[in-house]
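In: Provided below for reference: sequence and predicted model.
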Amino acid sequence: MENAEIQWIRNIGIVAHIDAGKTTTSERILFFTGSTHKMGEVHDGQAVMDFMKQEQERGITITSAAITTEWKRHQINLIDTPGHIDFTLEVERSLRVLDGIIMVFCAVGGVEPQSETVWHQADRYKVPRIAFINKMDRQGADIFHTVEQMNEMLGANAVLFQLPLGKESEFKGIIDLISMKAITYKELDAIKSDIPEKYRQQADKYREIMIEKLADFDQALMEKYLAEEEITETDIKSAARHAVLSLCVTPIFCGSAFRNKGVRLLLDAVVDYLPSPIDRGIVTGMDVRNPDVVLSRKPSYKRPFSALAFKITNDAFVGQQTFIRVYSGELESGSYVLNSTKGKRERIGRILRIHANDRLEVKVLRAGDIGALIGVKFTTTGDTLCDETDAILLENIRCPETVLDLKIEPETKKERDRLFMALGKMALEDPSFKVRFDEETEETIISGMGELHLEVIVDRLKSEHKVDVNVGKPAVAFRESITREVEYNYKYKKQTGGKGQFAHIVFRLEPNDRNGLEFVDLVKGGNIPREYIPAVEKAFRDAVSNGLYADYPMVDVRFVLIDGSYHPVDSSEMAFKTCTFQALRQVINRAAPQLQEPIMKMEINTPDEYMGDVIGDVNRRRGRIDNMRRHRKGSQKLTGTVPLMEMFGYASALRTISSGRAAFSMEFLKYAPLPRPIEETIIAEVRAKKAAKRA
């Protein structure tokens, strides 16, 4: 019985490139499942899933919204995710906890840059998916070209399960290749009938292709197909479900969400083909006491409790909400659990099921459920919550690098505390948003994924937190690193009468090959007492987070503490912190430091006649075009890389070059060393600013 109940759950997300129609599709799903009684529209700011003021003003999704609804006795936990690259973390953390996704494609735009990004994110988490080709009623809609792009660019093995009945302004409905029926629409009513004769031959052809492809992954269907026996709808659905769960095919469905066409059939596909928590199977994690031991949790109410916190929001009415996905066991309000990531005990206050910005209080969450907790104190994004007596540590959530900095200050000194409190809350909600304070220049610097990301942060400061701020111009978020290994022996002594300060460390700084910051303790024989080692590590991490070379955060550095000594009276944690700070400042130039800049992956769609000018302009910006392919007749899709610092104002430049007919998008790819002349210029500017501040 328990397995049967969990089998009725679908944890799904809707993901796509911006403006493909994700939120409109979500709104129609809510309407047809009875969760709402009026269809909200994105263009008039009435979408239920886009409940933030900033989302309604811009007509885009900024934060992932979760909702629980029902369809044909199945509980569907639905997450609508953003499509803009600046909010890619929202997609990342949603995919980490979802069992399946609906990929939405625009029938006109086809596979667009963010479509590729989210597709590869889903590949990383091995999330089964189905595809919905939306906007079939738009001029230029072409389902076959979109499927071709999916196979060529994504390796999707896309299989048409439906065909459009008519196209563009003549789009009337859908041909279902499983039932071999035509579905047309009269207002909200779906009318099923025989396939019109003029579409019959095409439908027979694509049904044959569908069965052939599915037979490759299902022995029973293959035998029936080769024996030319009758193949039933049940045979096809069973084979298709197996192929989707195995990530072997991507079923293609079509329609127009805005015109209410195809959405109920898409809901049927969610139930028929996407996995339940039982289908996804066990999750694995580490034993907290022994990281070398792998533990597993089966999706069962009877197993020890385990869950992952994947999102935090601050609500004006209920305070901080911590969204969790429960993988095993049960969680009751009022109970105690262990945050195994932080080693802290948490008491569970209230438990909510979320309806976008509305909420329903429940007493318990069980394996497979997604819900929100009120009252937890220590839990942040990516933390594991588990049974206190049977601890497990689940895989964390990958957080992308920030690429843009913005200087920010309150309009009055009185608002400084309120500003820091508001920034702290937003940084807790959004791990892709960083805040640091430069003590030397006394500047607060916020870092984000792009201009829109930082614009939304500033807007929220003013509208939600009522803090008036002055902001500078966006600047590239450079990083520091080292290129040479260096060993250093440093002794810190200070005598001021009475108790003095003494600390002595011998350490090695090493490049760390894109593995982040690492602290290694090799001290033996108690030369440095164990209670002082954490002080050395904290000082190292604090120093590199503020920069040692040009005041930019340092990345990919390993600090190896080799030896040292102490004084039984004069040594303290503070002495070892000060010793580490001073030693790092002195040694950094010997390690051949360098500045690194963010390199962006870019994609440009341009008519053929402007291609030469577009490529020439990219080359002048230190960029490189790596690939060219046909986008549509008369246009090309160019992909390549370019430094972010060269791309300010590029939208206007591209409009001028192409008479407004080309478009581009870009996303962060990696950090790479700056050319030496540019680095020297930036270093000189930093030093001049410091000198001016001191004067």
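Out: Looks like it came in fine.

In: where does the protein dip in pLDDT?
Out: Applying pLDDT under 70 to the predicted model, the residue ranges of the chain that meet it are 1-4, 36-65, 83-86, 316, 355-358, 439-441, 497-498, 631-632, 693-695.

In: quick one, strands of the stretch 1-150 of the chain?
Out: 9-16, 65-71, 74-80, 100-106, 129-134 (DSSP state E, counting those that start in this stretch).

In: Strands of the stretch 401-550 of the chain, start to end?
Out: With DSSP E, counting those that start in this stretch as the criterion, the stretch 401-550 of the chain has strands at 404-410, 434-438, 443-448, 469-471, 475-476, 479-482, 486-494, 501-511, 518-521.

In: any idea which of those strands is most buried?
Out: Sort the strands of the stretch 401-550 of the chain by mean neighbour count, taking mean count of other Cβ atoms under 10 Å, and strand 479-482 sits at the top with a mean of 23. For the C-beta atoms, the positions are set from N, CA and C on the backbone; glycine is no exception.

In: Redo the strands of the stretch 401-550 of the chain as JSON lines? Include distance to residue 229.
Out: Compiled in JSON lines, the strands of the stretch 401-550 of the chain are given as follows (distance: least, Cβ to Cβ, whole Å):
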{"stretch": "strand 404-410", "distance to residue 229": "61"}
{"stretch": "strand 434-438", "distance to residue 229": "61"}
{"stretch": "strand 443-448", "distance to residue 229": "59"}
{"stretch": "strand 469-471", "distance to residue 229": "69"}
{"stretch": "strand 475-476", "distance to residue 229": "64"}
{"stretch": "strand 479-482", "distance to residue 229": "63"}
{"stretch": "strand 486-494", "distance to residue 229": "74"}
{"stretch": "strand 501-511", "distance to residue 229": "64"}
{"stretch": "strand 518-521", "distance to residue 229": "61"}
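
In: so which of these gets nearest residue 273?
Out: Taking Cβ to Cβ, strand 443-448 is the member of the strands of the stretch 401-550 of the chain nearest to residue 273, at 36.8 Å.

In: CA atoms only for the biggest strand by length in the chain - export them in PDB, please.
Out: If each strand of the chain is counted by residues according to DSSP state E, the longest one is strand 593-607. C-alpha atoms of strand 593-607 as PDB (Å, rounded to 0.1, in the frame of the first residue of the first chain):
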ATOM      1  CA  PRO A 593      49.800  36.100  -8.500                       C
ATOM      2  CA  GLN A 594      47.600  36.900 -11.500                       C
ATOM      3  CA  LEU A 595      44.200  38.300 -12.200                       C
ATOM      4  CA  GLN A 596      41.600  36.200 -13.900                       C
ATOM      5  CA  GLU A 597      38.600  37.400 -15.900                       C
ATOM      6  CA  PRO A 598      35.200  35.700 -16.600                       C
ATOM      7  CA  ILE A 599      34.900  34.300 -20.100                       C
ATOM      8  CA  MET A 600      31.400  33.900 -21.500                       C
ATOM      9  CA  LYS A 601      30.000  31.400 -23.800                       C
ATOM     10  CA  MET A 602      28.100  33.400 -26.400                       C
ATOM     11  CA  GLU A 603      25.600  32.600 -29.100                       C
ATOM     12  CA  ILE A 604      24.600  35.000 -31.900                       C
ATOM     13  CA  ASN A 605      21.800  34.500 -34.400                       C
ATOM     14  CA  THR A 606      22.400  36.700 -37.400                       C
ATOM     15  CA  PRO A 607      21.200  37.000 -41.000                       C
END
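
In: and it, which strands flank it?
Out: Using DSSP bridges, the neighbouring strands of strand 593-607 in the sheet come out as strand 479-482 (antiparallel), strand 635-643 (antiparallel), strand 663-673 (antiparallel).

In: Downstream of it, the next helix or strand is which one?
Out: Beyond strand 593-607 on the C-terminal side, the first helix or strand identified by DSSP states H and E is helix 611-620.
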